[in-house]
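Novice: predicted model and sequence below, questions to follow.
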Amino acid sequence: MAAALLRIGRLRWLKCLQVESRTLSRAPVAAAFSTKSGTSKKSTKKTSAAQLDPIQKLFLDSIREYSTRSQATGGIVDAGSEYQKALAEEIAKLQKLYGGGDLTSFPEFKFTEPTFAEISQK
């Protein structure tokens, strides 16, 4: 029954697609299933930057500005003394909780091979 419903859904979709293709452009139905477009990707990349709407452009500009500011400061932008104090307190808490060490680097794990005792079978 599920297969029949699936076939019916596919047929309806195909019929709608055929009607749209006949009314909009007299192109064959197979063209609607084509994965290749008529434009090249190089021209699409150039035009996509030019075709940004103003909101997208503002958003991208603000991201780029934040990136340059964070690289210039070497960290978080507009981080005041309160933030630095809170960060130092949290790092001190974590070092006390986990026994010190460098919390900014990934820990190194060392696994030793277990020794197995040989058991004789009787």
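Specialist: That came through, no problem.
Novice: what about Leu94, neighbour count?
Specialist: The number of residues packed near Leu94 is 13, by other CB atoms under 10 Å. All C-beta atoms are positioned from the backbone trio N, CA, C, and that covers glycine.
Novice: over to Leu87?
Specialist: 13.
Novice: likewise the one 5 residues further on?
Specialist: Here the count is done by other CB under 10 Å, and Ala92 has 10 residues near it.
Novice: secondary structure element for it, which one?
Specialist: Secondary structure from DSSP states H and E places Ala92 in helix 81-98.
Novice: please save the CA atoms from that helix in CSV.
Specialist: What follows is helix 81-98, C-alpha atoms only, in CSV (Å, rounded to 0.1, in the frame of the first residue of the first chain):
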residue,chain,number,x,y,z
SER,A,81,39.1,44.4,32.8
GLU,A,82,36.0,42.7,34.2
TYR,A,83,36.2,40.0,31.5
GLN,A,84,40.0,39.5,32.2
LYS,A,85,39.3,39.2,35.9
ALA,A,86,36.5,36.7,35.5
LEU,A,87,38.6,34.7,33.1
ALA,A,88,41.5,34.5,35.5
GLU,A,89,39.1,33.5,38.3
GLU,A,90,37.6,30.7,36.2
ILE,A,91,41.0,29.4,35.2
ALA,A,92,42.1,29.4,38.8
LYS,A,93,39.0,27.4,39.8
LEU,A,94,39.7,24.8,37.1
GLN,A,95,43.3,24.5,38.0
LYS,A,96,42.4,23.9,41.6
LEU,A,97,39.7,21.4,40.6
TYR,A,98,41.9,19.4,38.2
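Novice: which residues sit against that helix?
Specialist: Ile76, Gly101, Leu103 (CB atoms under 8 Å, 6 or more residues apart in numbering).
Novice: try 7 Å
Specialist: With contact meaning CB atoms under 7 Å, 6 or more residues apart in numbering, helix 81-98 is reached by Leu103.
Novice: what is the mean pLDDT for that helix?
Specialist: Confidence over helix 81-98 (mean pLDDT, whole number) is 90.
Novice: report the buried residues of it.
Specialist: For helix 81-98, burial by neighbour count (16 or more other CB atoms under 10 Å) applies to no residue.
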